[in-house]
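>>> mind looking at a prediction? Sequence and model below.
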Amino acid sequence: AQSVTQLDSQVPVFEEAPVELRCNYSSSVSVYLFWYVQYPNQGLQLLLKYLSGSTLVKGINGFEAEFNKSQTSFHLRKPSVHISDTAEYFCAVSEISNFGNEKLTFGTGTRLTIIP
Amino acid sequence: NAGVTQTPKFQVLKTGQSMTLQCAQDMNHEYMSWYRQDPGMGLRLIHYSVGAGITDQGEVPNGYNVSRSTTEDFPLRLLSAAPSQTSVYFCASSDGAYSLYGYTFGSGTRLTVV
């Protein structure tokens, strides 16, 4: 069964420091991977996605993520964070069956807090 | 562009009351869906629609009804509200049936059932 694990529920980071938000998944088939960001009192926005090709994916706002198939991970990174990056981040995994049905599963989220 | 618009933003219901959460999009997206977000549980799919007149159940459909009479609108109905339905509800739309195209989310409806 497909599942997504975000081990860190909260991550505090000083401003201008680097950050890594971890995401691990389990699946028996090929998957597509996503990171979404939710700013306070807003809906989710797509940060980046991995569909195929290069395992290093660049997204908006200076974020990037690396797909590691052997470790079934899709960690999100940013070399230098800003106050405006304070938000909740969700990893999501999509499986599409041979019948064309999609199952999109979200992780439980990681709350990133930037400390001035 | 308005994107995905959800109304109301906040609602308090008494147990047993019914209500409709509204969702409208102006991007001509065929695919629309409803999620609920609960602390520590991420987002869970309630119902989805791949086009006008076509709906299907997601992971947690019990207690909710949907219909899709137009491409733009996808309302979510709570037939008899229960405290377990206290949650934040998000509507999302996509240009295709799969999340490969990326979802556009509304800003959410915070529902409290007392």
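Great, that's in hand.

>>> can you give me the strands for chain A?
Secondary structure of chain A by DSSP state E: the strands cover A:3-5, A:10-14, A:19-21, A:24-26, A:32-38, A:44-50, A:56-58, A:64-68, A:73-78, A:87-96, A:102-106, A:110-115.

>>> so who does residue B:5 touch?
When contacts are counted by C-beta atoms under 8 Å, 6 or more residues apart in numbering or on different chains, residue B:5 touches B:22, B:23, B:24, B:25, B:26, B:106. All C-beta atoms are positioned from the backbone trio N, CA, C, and that covers glycine.

>>> for whichever residue of chain A sits closest to chain B, which non-adjacent residue is spatially closest?
Nearest residue of chain A to chain B: residue A:43, at 3.2 Å (C-beta to the nearest C-beta). Among residues not flanking residue A:43 along the chain, residue B:105 sits closest, at 3.2 Å (C-beta to C-beta, 6 or more residues apart in numbering or on different chains).

>>> quick one, what contacts the closest residue to chain A within chain B?
At 3.2 Å from chain A, residue B:105 is the closest residue in chain B, using C-beta to the nearest C-beta. By C-beta under 8 Å, 6+ apart, the contact set of residue B:105 is A:43, A:44, A:45, B:4, B:90, B:91, B:92.

>>> report the central residue of chain B.
Centroid-nearest residue in chain B: residue B:34, 2.9 Å away (criterion: C-alpha atoms, centre = their mean).

>>> you'd agree that residue is up against residue B:74?
Yes - with contact defined as C-beta atoms under 8 Å, residue B:34 reaches residue B:74; the gap is 7.3 Å.

>>> common neighbours of those two, please.
The contact sets of residue B:34 and residue B:74 overlap at B:23, B:66, B:91 (C-beta under 8 Å, 6+ apart).

>>> what about residue A:112, how many neighbours?
For residue A:112, the neighbour count with other C-beta atoms under 10 Å in any protein chain shown is 21.

>>> do you know the pLDDT at it?
On pLDDT, residue A:112 comes in at 97.

>>> can I assume it is in contact with residue A:85?
Yes - the pair residue A:112 / residue A:85 is scored as a contact, 6.2 Å apart, by C-beta under 8 Å.

>>> overlap in contacts, these two.
Here residue A:112 and residue A:85 have residue A:19 as joint contacts, going by C-beta under 8 Å, 6+ apart.
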